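Engineer: kindly generate the corresponding structure for this input.
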Amino acid sequence: MRPCDCPISQTLQRIGSDAFAIVSTEKKQPASDSSGFVVYLVRFEDKTAERRYSDFDSFRQALTRLYPDVLVPPIPEKHSLTDYYAQVPTKRITDAKKDEDEIVQKRKRMLHRFLVRVASHPRLYHEHVFHRFLDGNVPWNEVLNSPPLSTLPRDMLNETSAIPQFTSSSVIPVPSLSYALKAPDARFTTREAEVEKHVSVSTNLDRVQRRYLRRLTELSYDYAELGTVYTAIGLNETQHVAASIEKLGSVTDTTSVKLRQLARSIQTEFSEHMQEYAQYTNIVKQVLRYRRLKQAQLEMIHDALQEKRTALDALLKTEDKASQLKATLMQPEEAVSAADSDSLETRSIEDGFANITDIPTDVPPEEATNGHESDEYPVNASASALRASRDRSKKWSSPRKFLNAVSYTIQGMMDIDPETTRKNQIAKLKNTVFQLQDAATKTESELKEVSEGIQREINMYEKQCARELRSMMIAYAKMHIAFCEQNAMSWKEAREQVDLQVSQ
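Structural biologist: Predicted coordinates:
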């Protein structure tokens, strides 16, 4: 890919992802939209671009369509604040509304990581659509409605790079998801099986992690209520007992605060990353599915090419036989009568397959005309009509053959110039074969590039996953160690003070 030469691209090459940041958010509520929406301010040097979540979503979809073989980084799931509140117990709705800013900040962090991953990707950061997304002077709708996004096909298997411009899209087959490959690649078949397992494991892990965070938060609320109860009980006591109960309530409140801090730290430094990698496994699955469909398309193109070649060969043979018969009929009558046969058996000029047997000349006129009612043919009937009428006394093996025969008979009666029709069909088939050959060559080359690109993407993803997962697990362990140490110290101090009060 040729690097983009725009100023934003040059800045990214020079500075990298440090050139931009999501600096803040604003909640706007226009008159036409009572629910309102959040705007994320993306700062790039001295410029600021206002982008909604829907803009990030459409931007990622655009990258997916432009680069179907690339693992485009994920963005946070599409949830409204109401959806978040619905996941919280009813008695905590008031507290959840207080955390609205935390929810927005979470999405802000994940969107910023998305931009950083795009800017760090060896192919995506060259894309000019990305540069225009960072440019605050360009409305995003204008980018969506201008090339290259406006010229992309709906189905990526009909991409113009794989199909020549002169090829009709109806000629190139598009496989379905249920298509079974005839010669699957063992490397990617194994990879698909591994990804299926990873999708199941990562999805379950993400679900367990969310439940764990929810229970930590609920436990912190329970400790807060317990601290309030201890404080209320202490007010009814006197002297040493009151002081001991007050200290117990205080350390309970401290535990509540520490639990909330632990939950927020896990959410920020671990859970959000686990959600991203759960999405990454699905992205890998989608990319492998695209490669499978590309290979299926190549197999279907080869099948269609073989079918068209067979039909073309049959028509060419028919054309040769028709030409030979035509040349024979144009010879002098003496040359024809030299065969000295009772009945001249010849091929039909129309299709060259069925035989038409002449009525012997020694049959009396009475037998020729009154022998059987089915042998009375119209004077202007075509050869196909004669053949169909002659053979209708035979038993048809199936209704399909009977309907085909009737259809062919009608076509033969209506076909004024079968020779021209046959030549038109030959020309059309030659054009289709040429298009399929060209499409097969381009699709085979593209499949090779897609396979190599996906393999590089997966290798890069595995290295990134191993590196970041190690950092995440270390941070996860350190957070729990710090919480346990601080919590144990608080309760130890509380016990010492209570023991001191009791000893007095």
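
Engineer: report the central residue of this protein.
Structural biologist: With distances taken as Cα atoms, centre = their mean, residue 286 lies nearest the centre of the chain, 5.3 Å away.

Engineer: name the element that residue belongs to?
Structural biologist: Per DSSP states H and E: residue 286 is located in helix 272-329.

Engineer: how near is the residue nearest to the centre of the chain to residue 463?
Structural biologist: 20 Å (Cβ to Cβ, to the nearest Å). (Glycine included, C-beta is placed from N, CA and C.)

Engineer: equivalent analysis for residue 437, please.
Structural biologist: Distance from residue 437 to residue 463, by Cβ to Cβ: 40 Å.

Engineer: quick revisit: how far away is the residue nearest to the centre of the chain from residue 311?
Structural biologist: The value you get for residue 286 to residue 311, if Cβ to Cβ is used, is 37 Å.

Engineer: show me where this protein has strands.
Structural biologist: Taking DSSP state E, the strands of the chain run over residues 20-28, 37-44, 47-52, 345-347, 355-357.

Engineer: can I get those in JSON lines with distance to residue 138, mean neighbour count and mean pLDDT?
Structural biologist: Output for these, formatted as JSON lines (distance: least, Cβ to Cβ, whole Å; neighbours: other Cβ atoms under 10 Å; pLDDT from 0 to 100):
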{"stretch": "strand 20-28", "distance to residue 138": "15", "mean neighbour count": "14", "mean pLDDT": "77"}
{"stretch": "strand 37-44", "distance to residue 138": "12", "mean neighbour count": "18", "mean pLDDT": "88"}
{"stretch": "strand 47-52", "distance to residue 138": "8", "mean neighbour count": "16", "mean pLDDT": "90"}
{"stretch": "strand 345-347", "distance to residue 138": "70", "mean neighbour count": "14", "mean pLDDT": "44"}
{"stretch": "strand 355-357", "distance to residue 138": "74", "mean neighbour count": "11", "mean pLDDT": "43"}
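
Engineer: who wins for proximity to residue 457 among the ones you listed?
Structural biologist: Proximity to residue 457 (Cβ to Cβ) singles out strand 20-28 among these, at 23.6 Å.

Engineer: avg pLDDT for the helix holding residue 286?
Structural biologist: Averaged over helix 272-329, pLDDT sits at 92.

Engineer: kindly report the same for stretch 186-194.
Structural biologist: The average of the pLDDT scores along stretch 186-194 is 93.

Engineer: so how far is it from its chain's centroid?
Structural biologist: Here stretch 186-194 is found 18 Å from its chain centre; the criterion is Cα atoms, centre = their mean, to the nearest Å.

Engineer: counting neighbours, what do you get for residue 424?
Structural biologist: By other Cβ atoms under 10 Å, 11 other residues sit near residue 424.

Engineer: let's have the chain start at 12 instead
Structural biologist: All right, first residue 12 from here; so that's residue 435.

Engineer: and the gap between it and residue 335?
Structural biologist: Applying Cβ to Cβ to residue 435 and residue 335 gives a distance of 21 Å.

Engineer: and residue 315, what does it touch?
Structural biologist: Residue 315 makes contacts with 182, 184, 447, as judged by Cβ atoms under 8 Å, 6 or more residues apart in numbering.

Engineer: please repeat the previous calculation with a cut-off of 7 Å.
Structural biologist: For residue 315, the contact set (Cβ atoms under 7 Å, 6 or more residues apart in numbering) comprises 184, 447.
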